[in-house]
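J.: What shape does this take:
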Amino acid sequence: MSNYVCVDIGGTALKYGVYNELGENIEEVKSTLVKQTEHGSEIMDAVIAIVSDAIKIYTIDGICISSAGVIDGNLGKVIYSGYTIPNYTGTQIKSILEEKFGITCEVENDVNAACLGEYWLGAGRDSSSLICLTVGTGVGGAIMLDNKLIHGYSHTAGEIGYMSVLGENFQDLASTSSLIKRVIKRKKNENSKKITGYEIVELAKQGDSICIEEIDAMVHTLALGITNLLYLFNPETLILGGGIMGQKEMLKEKIDKAVSEVIIDPMFNKTTIKFAEKGNDAGLLGALYNFKNKNS
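T.: Here you go, the predicted model:
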């Protein structure tokens, strides 16, 4: 059975593991911090070290990369990266790794990869059309129609966080980071300055009125954005991921109710809203699925 090195590149850390062709990890998934230097970061040095270690132990048939940034999947190149990863734009991931190791490499955007992972082995199984939203520092998006990812003319399809909702960027109102900022502003005390999204949900469960109100405000904004996507794409499934979406028991009923309240008619509300099942493994699994799909 074939083995693959899978690496998920983020702004501050890399997750990686070795998987077989069935998506079973044959060693524990690990992570390492990305060092920032005066000239940028040492991402590719770290990826090369990860692959070098893997090929000492396993016969590796492919290198599967999920990466932050706008990715040209045909070239395996980062064509745009924001300020969170300095000097990453233009990085030729595919050609660097293929020249170094002589092993085929494929690269996909991280949110797209997470969507593919959920489609293959997670909450999107058996769905021919789905949208994935990752709610965290921002709101990331990925769109699949007729079993294919939609990349767009210049590879920027799915940048859902920049949609205009209530006169602002969607992610500036619906992300976990925006929720945290609003709670801190309202609480105005030192203890709240280090609060996390998980802690806000826990406080809400205990009856904290500020946290309850701000979660409800976030959910309302999410519902507005989700409704726009349902009008536009009418997907079979919409998957919500990201750390705070691990609180399914509290958020699912609220989100379903909010969508039903803001949508113009029930005929537009046929999409099943699910919560991601694969967590941090989704991007790694999606990177593998992308590789297999391109090299079948």
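J.: ok, longest helix in this protein?
T.: helix 209-233 (DSSP state H).
J.: quick one: contacts for residue 266?
T.: Residues near residue 266 by C-beta atoms under 8 Å, 6 or more residues apart in numbering: residue 260. The C-beta positions use only the backbone N, C-alpha and C, and glycine is treated the same way.
J.: go again using 6 Å as the cut-off
T.: Residues near residue 266 by C-beta atoms under 6 Å, 6 or more residues apart in numbering: none.
J.: name the element residue 7 belongs to?
T.: Residue 7 belongs to strand 3-9 when assigned by DSSP states H and E.
J.: Quick one: name whatever helix or strand follows that strand.
T.: Downstream of strand 3-9 (by DSSP H and E), the next one is strand 13-20.
J.: tell me the angle that following strand makes with strand 3-9.
T.: Put simply, strand 13-20 runs at 160 degrees to strand 3-9, going by axes from the mean of the first three to the mean of the last three C-alpha atoms, to 10 degrees.
J.: Show me what counts as buried in strand 13-20.
T.: 14, 15, 16, 17, 18, 19 (16 or more other C-beta atoms under 10 Å).
J.: likewise stretch 72-85?
T.: Using 16+ other C-beta under 10 Å as the test for burial, stretch 72-85 gives 72, 73, 76, 77, 78, 81, 85.
J.: Can you add pLDDT, distance to residue 34 and secondary structure and give the residues you listed back as JSON lines?
T.: JSON lines is the format used below for those (pLDDT from 0 to 100; distance: C-beta to C-beta, whole Å; DSSP: H, G, I helix; E, B strand; the rest coil):
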{"residue": "72", "pLDDT": "96", "distance to residue 34": "21", "secondary structure": "strand"}
{"residue": "73", "pLDDT": "95", "distance to residue 34": "22", "secondary structure": "coil"}
{"residue": "76", "pLDDT": "97", "distance to residue 34": "19", "secondary structure": "coil"}
{"residue": "77", "pLDDT": "97", "distance to residue 34": "19", "secondary structure": "strand"}
{"residue": "78", "pLDDT": "96", "distance to residue 34": "14", "secondary structure": "strand"}
{"residue": "81", "pLDDT": "88", "distance to residue 34": "12", "secondary structure": "coil"}
{"residue": "85", "pLDDT": "83", "distance to residue 34": "8", "secondary structure": "coil"}
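J.: farthest-separated two in the residues you listed?
T.: Pairwise distances across these (C-beta to C-beta) peak at 18.0 Å, for the pair 73 and 85.
J.: Look up the closest residue to the residue nearest the centre of the chain, ignoring the ones flanking it.
T.: For the chain, residue 111 is the residue whose C-alpha lies nearest the centre (C-alpha atoms, centre = their mean; 3.5 Å). Once flanking residues are discounted, residue 111 sits nearest to residue 140: 3.8 Å by C-beta to C-beta, 6 or more residues apart in numbering.
J.: same question, residue 54
T.: Closest to residue 54 by C-beta to C-beta, 6+ apart is residue 5, at 4.6 Å.
J.: Report how many residues lie close to the one you found.
T.: For residue 5, the neighbour count with other C-beta atoms under 10 Å is 29.
J.: So in that sheet, which strands flank the strand holding residue 7, and in what orientation?
T.: Using DSSP bridges, strand 3-9 pairs in its sheet with strand 13-20 (antiparallel), strand 62-67 (parallel).
J.: Now render these as a markdown table, adding mean pLDDT and distance to residue 101.
T.: Shown next, in a markdown table, are the strands paired with strand 3-9 (pLDDT from 0 to 100; distance: least, C-beta to C-beta, whole Å):
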| stretch | mean pLDDT | distance to residue 101 |
| --- | --- | --- |
| strand 13-20 | 95 | 14 |
| strand 62-67 | 98 | 7 |
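J.: Using a markdown table, lay out these together with distance to residue 136.
T.: Output for these, formatted as a markdown table (distance: least, C-beta to C-beta, whole Å):
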| stretch | distance to residue 136 |
| --- | --- |
| strand 13-20 | 13 |
| strand 62-67 | 15 |
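J.: what's the closest of those strands to residue 43?
T.: Closest of the strands paired with strand 3-9 to residue 43 is strand 13-20, at 7.3 Å (criterion: C-beta to C-beta).
J.: so where do the strands sit in the stretch 51-200 of the chain?
T.: Secondary structure of the stretch 51-200 of the chain (DSSP state E, counting those that start in this stretch): strands located at 62-67, 70-72, 77-80, 105-109, 130-135, 139-145, 148-149, 164-165, 168-169.
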